[in-house]
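Student: here is my input, please return the structure:
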Amino acid sequence: MRIRMDIAYDGTEFHGWAKQPGLRTVQGELEQALNALLVRSFAKDQADRQLIHIAVAGRTDTGVHASHQVTHFDVEEEQLHRCVGYLDLDGIEALQHRLRRILPDDIAILGLERAPQGFDARFSALDRTYVFRIVDSECTPDPRLRNCVLAIKGLLDVAAMNQAAQCCVGLHDFGSFATPNPGGTTIRKVRSVEWQRISEANPNASEYRLTFPGMIVFKIVADAFAHNMVRSLVKACVSIGLGKRDARWFEYKLNAPLREGSTGPIDPRGLTLERVEYPPDAQLAARAAKIRAKRTLLDD
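Tutor: Coordinates of the predicted model:
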């Protein structure tokens, strides 16, 4: 059985999503908990243990947060049944209950459910939405949000940043702002991008959570993101907002996909994965098959 597991986490104390030896990661914590509940408690011996592995919609970097991340894992019906124990719940409900009791406070289980046929948390996704939150000299930081909002010294020109960022919309090779996975590319399709300063007159006019008047919010929606892509785009836009670069430089870097020192990533604390969108159930498998193919700039 494939289980979809929706989660949220504070990335401050994690070395990113992906499991790494000797480092605390989100995947590592979740897989340790799942295997403790579903595998190690019931296996007769080492040979019987087939450990559970989690797939994810988007791997987040060190220090990056998620308000709604999507994952999946495969499990035997018998394992879920054994997880029930004394609980008056079905297998999935029992697993969710037990996970919430043993996971650390910086990971939250938003929901578990049986995944529809063809579902793949990573390859079936249509879009991912990231938000980066910044405060500059125009507003007073809220110290309670210091781990998820980046403070920038100086006054940012949001209009100039927005003008530059609009070049990203469409299918591009983001090689100047990202690094590919082995065997992959940095070609991605950006659906929309926007810089916005939250209004004092109507602070709730936007859809963003964790905002206050004067905060600057960057929202980007794409079918997928390459490693360090969002943070590098944000850093480039911030340099424009501070008057150190201009939109022509940004456009040149986008059209000449070569990674170098001026386009590295910004501090991760302001970045949050906000949402992952999927097609209707009947289209999940076809979407996954299409996305597994290596991309080119000729893709539609």
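
Student: helices of the stretch 201-300 of the chain, start to end?
Tutor: For the stretch 201-300 of the chain, helices defined by DSSP state H, counting those that start in this stretch occupy the ranges 229-241, 247-255, 284-292.

Student: show me the shaky parts of this protein.
Tutor: 40-49, 200-208, 261, 294, 299-300 (pLDDT under 70).

Student: hey, where'd the strands end up in it?
Tutor: Under the criterion DSSP state E, strands of the chain are mapped to 2-9, 55-56, 65-74, 107-114, 127-135, 150-151, 170-173, 187-197, 216-222, 271-277.

Student: and residue 163, which of those is closest to it?
Tutor: strand 187-197 (9.1 Å; CB to CB). For glycine as for every other residue, the C-beta is placed from the backbone atoms N, C-alpha and C.

Student: isn't residue 137 right next to residue 151, touching?
Tutor: No: using CB atoms under 8 Å, residue 137 is not in contact with residue 151; the gap is 9.4 Å.

Student: closest one to residue 97 among the helices of the stretch 201-300 of the chain?
Tutor: So among the helices of the stretch 201-300 of the chain, helix 284-292 is nearest, using CB to CB, at 27.3 Å.

Student: what are the buried residues along that closest one?
Tutor: By neighbour count on 16 or more other CB atoms under 10 Å, the buried set for helix 284-292 is 284-285, 287-288, 291.

Student: which residues sit against it?
Tutor: Under the contact criterion CB atoms under 8 Å, 6 or more residues apart in numbering, helix 284-292 has outside partners 116-120, 123-126, 223-224, 278-279.

Student: ok, and the closest non-adjacent residue to residue 150?
Tutor: residue 270 (3.6 Å; CB to CB, 6 or more residues apart in numbering).

Student: was I right about the one you found contacting residue 134?
Tutor: Yes: judged on CB under 8 Å, residue 270 makes contact with residue 134 at a distance of 5.7 Å.

Student: could the strands of the chain go into JSON lines alongside distance to residue 38?
Tutor: Below are the strands of the chain laid out as JSON lines (distance: least, CB to CB, whole Å):
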{"stretch": "strand 2-9", "distance to residue 38": "10"}
{"stretch": "strand 55-56", "distance to residue 38": "16"}
{"stretch": "strand 65-74", "distance to residue 38": "9"}
{"stretch": "strand 107-114", "distance to residue 38": "12"}
{"stretch": "strand 127-135", "distance to residue 38": "28"}
{"stretch": "strand 150-151", "distance to residue 38": "38"}
{"stretch": "strand 170-173", "distance to residue 38": "41"}
{"stretch": "strand 187-197", "distance to residue 38": "35"}
{"stretch": "strand 216-222", "distance to residue 38": "34"}
{"stretch": "strand 271-277", "distance to residue 38": "24"}
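
Student: and the ones you listed as JSON lines, adding mean neighbour count and distance to residue 157?
Tutor: Output for those, formatted as JSON lines (neighbours: other CB atoms under 10 Å; distance: least, CB to CB, whole Å):
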{"stretch": "strand 2-9", "mean neighbour count": "20", "distance to residue 157": "33"}
{"stretch": "strand 55-56", "mean neighbour count": "19", "distance to residue 157": "36"}
{"stretch": "strand 65-74", "mean neighbour count": "21", "distance to residue 157": "26"}
{"stretch": "strand 107-114", "mean neighbour count": "16", "distance to residue 157": "37"}
{"stretch": "strand 127-135", "mean neighbour count": "22", "distance to residue 157": "13"}
{"stretch": "strand 150-151", "mean neighbour count": "18", "distance to residue 157": "17"}
{"stretch": "strand 170-173", "mean neighbour count": "16", "distance to residue 157": "23"}
{"stretch": "strand 187-197", "mean neighbour count": "19", "distance to residue 157": "10"}
{"stretch": "strand 216-222", "mean neighbour count": "22", "distance to residue 157": "10"}
{"stretch": "strand 271-277", "mean neighbour count": "22", "distance to residue 157": "21"}
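
Student: report how many residues lie close to residue 246.
Tutor: With neighbours defined by other CB atoms under 10 Å, the count for residue 246 comes to 14.
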